[in-house]
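Undergrad: Need the 3D shape of this:
(one chain, ligands or ions: 2)
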Amino acid sequence: MEEREIYKGLAGVPVDYTAVSKVDPESNSLLYRGYPVQDLAATKSVEEVAWLLWYGELPTPEQLDGLVETERSARALAPNVRRAIDDLPMTSHPMDVVRTAVSVIGANDPDAEDNDPEQNLRKAKHLFAQIPAIVAYDQRRRHGLPLIEPRDDLDYPQNFLYMTFGEEANPEVVDAFRVSMVLYAEHSFNASTFTARVIASTLSDLHSSVVGAIGALKGPLHGGANEAVMETFGQIGTPDKVEEWLDDALARKAKIMGFGHRVYKNGDSRVPTMRAAMERMLDHYDRPDLLEMYERMEKAMGEQKNIKPNLDYPAGPTYHVMGFDTETFTPIFVAARVTGWTAHIMEQLASNALIRPLSVYNGIERRAVPE
Ligand SMILES: CC(=O)SCCNC(=O)CCNC(=O)[C@H](O)C(C)(C)COP(=O)(O)OP(=O)(O)OC[C@H]1O[C@@H](n2cnc3c(N)ncnc32)[C@H](O)[C@@H]1OP(=O)(O)O
Ligand SMILES: O=C([O-])CC(=O)C(=O)O
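TA: Ligands and ions are numbered 1, 2, ... in the order given. The predicted structure is shown next:
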């Protein structure tokens, strides 16, 4: 076999520049276009952060008004997107539903193949406006409930919660949801963003890149971990069972969902902000049992493996107490991350090189085909 060094999982390999965000494990920080994410999460709206990721600067009041108007006027689903969702079995995973619906939105777009930056910005804003309606409707239909039309007097997180639950959410809940959407929006060359960039690098279209990214996000080693956290909590049952459950899981060499990270080795920079939002929600919904379970698992993982939680760990219980179905958690991540993905797709296209790495062949050596 040829002797060449390989970089399994591309671990530690820089493959391109990006100006969208900086993940710095040394200082344990995350910057979106230079701004610390926790400072953005403290005061900025989902719409402001979306603009920042796409354009590189926070919007002026006029620019923000323009984006808000565009987003609010593009929320309702086209009839064939709705029919495509209705045609899927109730057993379809919500990530498959959102992937399918985004595919239909792409097929509906008369300029889907046009990679002009203005067209791609338009498509990105359209997806940003549409995905909450897809996610909310899918959760409702699985409960036998009718679709709720969007309300254009509500901001992005208020409307997302309204379309899901049919009533205006408490402001504290809206704020915790907003914080989660800001924290989930962007994270450099994670697996789904890299997938989006690989697809964009072939000069395919933006919707195809987003569909591919949704597929990559679904896996439990990436976005699917927020669902898996609640499944774990469900298996454990009560806080006093945490240590016993963990001993058994680690003895089986199981990966504990919501812990560990490819880049951060000393804790995920977003966790303190999300944890604070989770604590506000567990208090609001009076779930001290979930906080105890969270803390016991975090402590036991620290003692046994010295591995810290990632963003999916506090996000899972937060979405659970808000009333989202566990399978809806990763689609919420899609709604948030579509801004980051599309910013990266546009950055890739602005300075493109086909992404095509090499492999080292370790199969059977050349041989003759039998007669
Ligand atoms: C928003 C996000 O996408 S954040 C990531 C969400 N994913 C999860 O929470 C899934 C659980 N975590 C994991 O599987 C991993 O930590 C990953 C995939 C996120 C990162 O993995 P990698 O950088 O490839 O690290 P790798 O899997 O090689 O782990 C290194 C060591 O730590 C252990 N380890 C890492 N994470 C975990 C975990 N969650 N549970 C138990 N052990 C773990 C591994 O078993 C390995 O141990 P070993 O050296 O004794 O074999
Ligand atoms: O960066 C990663 O590998 C995964 C992650 O935390 C994210 O995408 O938010």
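Undergrad: Wasn't residue 5 part of a helix?
TA: No - under DSSP: H, G, I helix; E, B strand; the rest coil, residue 5 sits outside any helix and is assigned coil.
Undergrad: which one is residue 190 nearest to, not counting chain neighbours?
TA: Leaving aside its sequence neighbours, residue 190 sits nearest to residue 222 (CB to CB, 6 or more residues apart in numbering; 6.8 Å). Using the backbone N, CA and C atoms, a C-beta is placed for each residue, glycine as well.
Undergrad: neighbours around that neighbour, how many?
TA: By the measure other CB atoms under 10 Å, the count of residues near residue 222 is 18.
Undergrad: who's in contact with it?
TA: Contacts for residue 222 (CB atoms under 8 Å, 6 or more residues apart in numbering) come out as 190-192, 216.
Undergrad: Show me where the stretch 1-150 of the chain has its strands.
TA: 21-24, 29-32, 35-36 (DSSP state E, counting those that start in this stretch).
Undergrad: Packing partners of the first one?
TA: Going back to what we said before, that points to strand 21-24. strand 29-32 (3 or more CB pairs under 8 Å, 6 or more residues apart in numbering; DSSP states H and E).
Undergrad: quick one: average pLDDT of the strand it packs on?
TA: For strand 29-32, mean pLDDT is 96.
Undergrad: Partner strands of it, with direction?
TA: strand 21-24 (antiparallel), strand 35-36 (antiparallel) (DSSP bridges).
Undergrad: I'd like those as JSON lines, with mean pLDDT appended.
TA: Listed next are those as JSON lines, based on pLDDT from 0 to 100:
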{"stretch": "strand 21-24", "mean pLDDT": "96"}
{"stretch": "strand 35-36", "mean pLDDT": "98"}
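Undergrad: Would you mind listing what in this structure touches ligand 2?
TA: When proximity is defined as CB under 6 Å from any ligand atom, the chain approaches ligand 2 at 187, 190, 261-263, 310-311.
Undergrad: For the closest residue to ligand 1 within the stretch 251-371 of the chain, which non-adjacent residue is closest in space?
TA: In the stretch 251-371 of the chain, the residue that lies nearest ligand 1 is residue 260 (2.2 Å; CB to the nearest ligand atom). Excluding the flanking residues, the one nearest residue 260 by CB to CB, 6+ apart is residue 307, at 4.9 Å.
Undergrad: roughly how far apart are the one you found and residue 197?
TA: Computed as CB to CB, to the nearest Å, the residue 307 to residue 197 distance reads 28 Å.
Undergrad: neighbour-wise, which of the two wins?
TA: Applying other CB under 10 Å to residue 307 and residue 197 shows that residue 197 carries more neighbours, namely 24 against 16.
Undergrad: Quick check: the more buried one is in a helix.
TA: Yes - under three-state DSSP, residue 197 falls within a helix.
Undergrad: ok, it touching residue 348?
TA: Yes - using CB atoms under 8 Å, residue 197 is in contact with residue 348, at 4.5 Å.
Undergrad: any common contacting residues for those two?
TA: Common neighbours of residue 197 and residue 348 (criterion: CB under 8 Å, 6+ apart): residue 16.
Undergrad: Distance of the residue nearest to residue 313 when sequence neighbours are not counted relative to residue 138?
TA: Using CB to CB, 6+ apart and skipping the chain neighbours, the partner closest in space to residue 313 is residue 258 (3.4 Å). Residue 258 sits 23 Å away from residue 138 when distances are taken as CB to CB.
Undergrad: So between the two, which is more surrounded?
TA: More neighbours surround residue 258 than the other of residue 258 and residue 138, with 29 against 26 (other CB under 10 Å).
Undergrad: Test for you: state the pLDDT assigned to the more buried one.
TA: 97.
Undergrad: For it, give its distance to residue 39.
TA: 24 Å.
Undergrad: For burial, what's the neighbour tally of the nearest residue to residue 287 once chain neighbours are set aside?
TA: Excluding its sequence neighbours, the residue lying closest to residue 287 (CB to CB, 6+ apart) is residue 321, at 5.6 Å. As a burial measure, residue 321 scores 18 neighbours (other CB under 10 Å).
Undergrad: got a list of what residue 321 touches?
TA: Counting by CB under 8 Å, 6+ apart, residue 321 has contacts 281-282, 284-285, 287, 290.
Undergrad: Retrieve the pLDDT associated with it.
TA: On the pLDDT scale, residue 321 gets 98.
Undergrad: what does residue 4 give?
TA: 87.
Undergrad: any idea whether the closest residue to it other than its chain neighbours is helix, strand or coil?
TA: Spatial nearest neighbour of residue 4, chain neighbours left out: residue 360 (5.1 Å); criterion: CB to CB, 6+ apart. Assigned by three-state DSSP, the conformation of residue 360 is coil.
Undergrad: Numbering from 10 from now on, please.
TA: Sure thing, new numbering starts at 10, so read that last one as residue 369.
Undergrad: what about residue 369, distance to residue 25?
TA: 22 Å.
Undergrad: Looking at these two, which one has more neighbours?
TA: Taking other CB under 10 Å, residue 369 and residue 25 do not tie; residue 25 has more neighbours (15 against 10).
Undergrad: For that one, give its distance to residue 364.
TA: Relative to residue 364, and taking CB to CB, residue 25 is found at 8 Å.
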